[in-house]
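# Quick one: sequence and predicted model below, then my questions.
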Amino acid sequence: MSTILQVQGMQKYYGSRGVVTKAVDNISFSVEEGEYVGIMGVSGSGKTTLLNCISTIDTVTAGTIRIKGKDVTALKGKELERFRREELGFIFQDFNLLDTLTAYENIALALTILGEKPDEIHRKVLEVATKLNISSILSKFPYQMSGGEKQRTASARAIITNPSLILADEPTGALDSKSARMLLETIGMLNEQMKATILMVTHDAFTASYAKRILFIKDGRIFNEILRGEDTRKEFFGRIIDVVTLLGGDANVVM
Ligand SMILES: Nc1ncnc2c1ncn2[C@@H]1O[C@H](COP(=O)(O)OP(=O)(O)OP(=O)(O)O)[C@@H](O)[C@H]1O
């Protein structure tokens with residue numbers, strides 16, 4: 001098994017002189033190939049900042065972030081753009097599907113931009129659509145899709161380039177509990193059947209219970225880490241609640 005992500009001594013400060021917020025305060029951890037890691041913490045603990053730096057959307061104040069051995073904090077311009085497109089997949093809270101493109105076109109877009117041959121793109125889109133059970137809706141536009149179809153299209157788009165790492169920030173944040181469950185099952189399938197390595201940020205214990213390992217962040221630092229091991233998802237959920245309570249979060253607000 002190889003290391004996909006290695007975060008070392010990462011710091012991110014906002015502001016200057018007067019008011020400085022240490023959003024991420026010296027965090028180090030790594031993620032191995034095939035892992036499904038959740039990052040939990042209360043609002044303002046630094047989860048999104050950490051994910052945005054890993055996803056190369058934001059820059060770090062100090063430290064390194066290596067993805068497949070490459071320090072992404074040193075990448076710039078076209079090289080960075082290409083790296084993001086080739087190595088990373090994203091699942092957003094609102095899915096970010098392009099309204100003027102069909103499901104097929106949304107899924108194919110990254111491959112088109114990467115310059116893959118049309119017949120290769122076609123083969124890959126059909127393959128992933130079959131796995132995610134959306135073959136029959138590929139010609140639909142987002143407004144013609146159900147919520148679940150949009151989720152599966154967004155999941156297909158995240159995995160179509162066979163990225164090294166899939167990043168998800170509060171993927172269930174805007175969903176009712178049934179839709180959340182459906183999306184989490186799809187993400188679980190990307191991990192288990194399609195061997196995707198996943199890093200997911202959430203404040204929600206139910207969502208986090210689908211991951212196999214959880215890092216808890218408090219005030220920009222890693223506070224605790226737990227592994228699912230042989231636990232059922234429900235047992236793992238119980239242990240997550242215990243840590244959330246310890247962290248001072250409100251265990252009642254989670255499902
Ligand atoms: N652009 C910014 N400028 C100044 N401070 C910021 C900025 N972005 C985030 N922060 C601060 O950094 C800290 C961490 O924010 P972050 O968004 O990473 O937290 P979070 O854990 O993702 O919270 P939430 O669950 O509410 O999204 C907070 O104190 C926040 O106010």
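Arrived safely. Numbering: from 1, shown residues only.
# Listing request: residues of the chain with sub-threshold pLDDT.
249-255 (pLDDT under 70).
# just the helices in it please.
47-54, 77-87, 103-113, 118-131, 147-159, 177-192, 205-208, 233-247 (DSSP state H).
# Nearest to the ligand among the ones you listed would be which one?
helix 47-54 (3.1 Å; C-beta to the nearest ligand atom). Glycine gets a C-beta too; all of them are placed from N, C-alpha and C.
# and that closest one, how far from the chain's centre?
Helix 47-54 sits 10 Å away from the centroid of its parent chain (C-alpha atoms, centre = their mean, to the nearest Å).
# Check stretch 163-178 too.
For stretch 163-178, the distance to the chain centre is 6 Å (C-alpha atoms, centre = their mean).
# and Ala110, how many residues sit next to it?
Ala110 has 21 neighbours, counted by other C-beta atoms under 10 Å.
# What count of nearby residues applies to the residue lying closest to it once chain neighbours are set aside?
Nearest residue to Ala110 in three dimensions, chain neighbours excluded: Thr161, at 5.1 Å (C-beta to C-beta, 6 or more residues apart in numbering). By the measure other C-beta under 10 Å, the count of residues near Thr161 is 18.
# circling back to that earlier point, output the helices of the chain as TSV; include the columns distance to the ligand.
Converted to TSV, these look like this (distance: least, C-beta to the nearest ligand atom, whole Å):
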stretch	distance to the ligand
helix 47-54	3
helix 77-87	19
helix 103-113	25
helix 118-131	30
helix 147-159	20
helix 177-192	16
helix 205-208	12
helix 233-247	12
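# now for those, which one comes closest to Lys218?
Lys218 sits nearest to helix 233-247 of all these, at 5.8 Å, using C-beta to C-beta.
# and the closest one, which residues are buried?
Going by neighbour count (16 or more other C-beta atoms under 10 Å), the buried part of helix 233-247 is Phe236, Phe237, Arg239, Ile240, Ile241, Val243, Val244, Leu247.
# gap between Ser136 and the ligand?
Distance, Ser136 to the ligand, by C-beta to the nearest ligand atom, to the nearest Å: 36 Å.
# With Thr232 instead?
From Thr232 to the ligand the distance is 27 Å (C-beta to the nearest ligand atom).
# and that residue, how many neighbours?
10.
# how far does stretch 96-112 sit from the chain's center?
Stretch 96-112 sits 19 Å away from the centroid of its parent chain (C-alpha atoms, centre = their mean).
# Residue in the stretch 151-255 of the chain with the shortest distance to the ligand?
When scored by C-beta to the nearest ligand atom, the stretch 151-255 of the chain has His203 as its residue closest to the ligand, at 4.9 Å.
# dump the residue contacts of that residue.
Residues in contact with His203 (C-beta atoms under 8 Å, 6 or more residues apart in numbering) are Met40, Gly41, Val42, Ser43, Lys47, Glu170, Gly249.
# Show me what counts as buried in stretch 110-128.
Ala110, Leu111, Glu116, Ile121, Lys124, Val125, Val128.
# Pick out the most distant pair among these.
Glu116 and Val128 (13.5 Å).
# my guess is Leu215 contacts Val31, does it?
No. In this structure, Leu215 is not within contact of Val31 by C-beta atoms under 8 Å, at 9.6 Å.
# which residues do these two both contact?
Counting by C-beta under 8 Å, 6+ apart, the residues touching both Leu215 and Val31 are Val37.
# re the thing from before, contact partners for the residue nearest to Ala110?
By C-beta under 8 Å, 6+ apart, the residues touching Thr161 are Arg85, Glu86, Gly89, Ala110, Leu111, Leu114.
# The fifth one contacts Lys124, doesn't it?
Yes. Leu111 sits in contact with Lys124 when judged by C-beta under 8 Å, with a separation of 6.5 Å.
# any common contacting residues for those two?
Ile160.
# Report the separation between Ile39 and Tyr104.
From Ile39 over to Tyr104 the distance is 32 Å, taken as C-beta to C-beta, to the nearest Å.
# no wait, Thr73
Counting by C-beta to C-beta - Thr73 and Tyr104 are separated by 35 Å.
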